[in-house]
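Undergrad: Show me the folded form of this:
(one chain, ligands or ions: 1)
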Amino acid sequence: MRLNNSQKQKENINLSNELDIERIPEHVAIIMDGNGRWATKKGLPRSFGHNKGVSVLKKIIKISKNITCKILTVYAFSTENWTRPSKEVDFLINLFEKVLKKEINELHQESIKIKFIGDLTPFPESLKLMINNSESLTKNNKNLTLNICVNYGGRQEILKAAKEIAIKTSSGKIEPSDIDEKLFNSELLTNGIKDPELLIRTSGEKRVSNFLLWQLAYSEIYITDVLWPDFTEIEFLKAIKDYQSRNRRFGGIESLSNESFEDSYFSSLSKND
Ligand code: FPP
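TA: Below you'll find the model as predicted:
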């Protein structure tokens, strides 16, 4: 069933009203997958999928802000994406710059803070400059932080952190016994950013593809078959609603409805040992 715009808006409002405002995830991470397949299915060049992907991202930024989600982290270019044909790589790099130039003022007006995560070294100077300007212009914005992961890889990030810690240990700055999760976190590119409560992946692939490997340890994962260019605010709200139905146990157990029965069962087991 295809919905027209006003039907879509109504469904948005309905779904937004159904959300538990006490349980909006503070941080949502997204693997925006399926741009190429979307375009190919339509007989179009893959670049059309990336262009459409940008307009979807704009809508998802808006709705995230509206439901008071505080951090949105998107995977825009992985360390492995360099293996794509150079024409596609160049297109994506140009697209990042073009989109930033076009959208930065509106994002700033909406009080969105932009942060790029990844190794920016191989990118053209003009893009690096644009990134720097965007980050400094928006650094005090409060409504939503948009983290854009480019030339980012989770394994590379962990290796870099491990190297930094090894250097600090061998120079005597820290002791091996000082190494704990907090210290390790502080060496990651995401230092200071809380872990995502929810990871959304579009296009049905069931893998994390080197994205936020450390940070996703206890994130809830929502996978939809919808390709990123077809992803909508409604789909996003569905993901949030699904997240709200999850019972997050972080390796513990649900609170027991029959605690005394459990107690006596476990103590009878230990008596029989
Ligand atoms: C994955 O689809 C998508 C990408 C590698 C690029 C995502 C980039 C955007 C949506 C543009 C974002 C722009 C800014 C400024 C952040 P795919 O190409 O891997 O699709 P496929 O799996 O169907 O081939």
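
Undergrad: Quick one: name the residues of this structure near the ligand.
TA: 32-37, 50, 53-54, 57, 76, 81, 92, 95-96, 99, 148 (Cβ under 6 Å from any ligand atom). Every residue, glycine included, has its C-beta placed from N, CA and C.

Undergrad: buried residues in stretch 17-35?
TA: L19, I24, P25, H27, V28, A29, I30, I31, M32, D33, G34, N35 (16 or more other Cβ atoms under 10 Å).

Undergrad: What is the nearest of the residues you listed to K238?
TA: L19 (10.5 Å; Cβ to Cβ).

Undergrad: got a pLDDT number for that closest one?
TA: L19 is assigned 93 on the pLDDT scale.

Undergrad: what helix or strand does the most centrally placed residue in the chain sit in?
TA: Nearest to the mean C-alpha position of the chain, by Cα atoms, centre = their mean, lies A29 at 1.7 Å. Secondary-structure assignment from DSSP states H and E places A29 in strand 27-31.

Undergrad: which neighbours does that strand have in its sheet, and in what orientation?
TA: Partners of strand 27-31 in the sheet, by DSSP bridges, are strand 71-78 (parallel), strand 198-201 (parallel).

Undergrad: Off-centre distance for the very next helix or strand once past that strand?
TA: Using DSSP H and E, the next helix or strand after strand 27-31 towards the C-terminus is helix 35-41. Computed by Cα atoms, centre = their mean, to the nearest Å, the chain-centroid distance of helix 35-41 equals 22 Å.

Undergrad: and if you look at stretch 140-154?
TA: That offset, for stretch 140-154, works out to 9 Å (Cα atoms, centre = their mean).

Undergrad: what does stretch 169-176 give?
TA: Once both centres are worked out by Cα atoms, centre = their mean, stretch 169-176 turns out to sit 33 Å from its chain's centre.

Undergrad: With only the CA atoms kept, save that stretch in PDB.
TA: Provided in PDB are the C-alpha atoms of stretch 169-176 (Å, rounded to 0.1, in the frame of the first residue of the first chain):
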ATOM      1  CA  THR A 169      52.400   1.900  29.100                       C
ATOM      2  CA  SER A 170      56.000   1.400  27.700                       C
ATOM      3  CA  SER A 171      56.800   5.000  28.500                       C
ATOM      4  CA  GLY A 172      55.700   4.500  32.000                       C
ATOM      5  CA  LYS A 173      52.800   7.100  31.800                       C
ATOM      6  CA  ILE A 174      50.400   4.400  32.800                       C
ATOM      7  CA  GLU A 175      50.600   0.900  34.400                       C
ATOM      8  CA  PRO A 176      49.100  -2.200  32.800                       C
END
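
Undergrad: which residue does the stretch 101-250 of the chain bring closest to the ligand?
TA: I148 (4.7 Å; Cβ to the nearest ligand atom).

Undergrad: Neighbouring strands of the helix or strand where that residue lies in the sheet, and parallel or not?
TA: Using DSSP H and E, the element containing I148 is strand 144-152. As defined by DSSP bridges, the strand partners of strand 144-152 come to strand 71-78 (parallel), strand 112-117 (parallel).

Undergrad: what about G204, distance to G43?
TA: In this view, G204 and G43 are 21 Å apart by Cβ to Cβ, to the nearest Å.

Undergrad: Comparing those two, which residue is more hemmed in?
TA: G204 (13 against 7; other Cβ atoms under 10 Å).

Undergrad: all helices of this protein, in order?
TA: 5-18, 35-41, 46-66, 86-109, 125-138, 154-170, 181-186, 233-244, 259-272 (DSSP state H).

Undergrad: Give me the angle between the first one and helix 233-244.
TA: It refers to helix 5-18. 20 degrees (axes from the mean of the first three to the mean of the last three Cα atoms, to 10 degrees).

Undergrad: and helix 5-18, what other elements does it pack with?
TA: Under the contact criterion of 3 or more Cβ pairs under 8 Å, 6 or more residues apart in numbering; DSSP states H and E, helix 5-18 touches helix 233-244.

Undergrad: Dump the helix it packs on to CSV, keeping only the CA atoms.
TA: What follows is helix 233-244, C-alpha atoms only, in CSV (Å, rounded to 0.1, in the frame of the first residue of the first chain):
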residue,chain,number,x,y,z
GLU,A,233,10.3,8.5,9.1
ILE,A,234,7.6,5.9,9.6
GLU,A,235,10.2,3.1,9.3
PHE,A,236,12.4,5.0,11.8
LEU,A,237,9.6,5.3,14.3
LYS,A,238,8.9,1.6,13.9
ALA,A,239,12.5,0.8,14.8
ILE,A,240,12.2,3.0,17.9
LYS,A,241,8.9,1.4,18.9
ASP,A,242,10.5,-2.1,18.4
TYR,A,243,13.5,-0.9,20.6
GLN,A,244,11.0,0.1,23.3
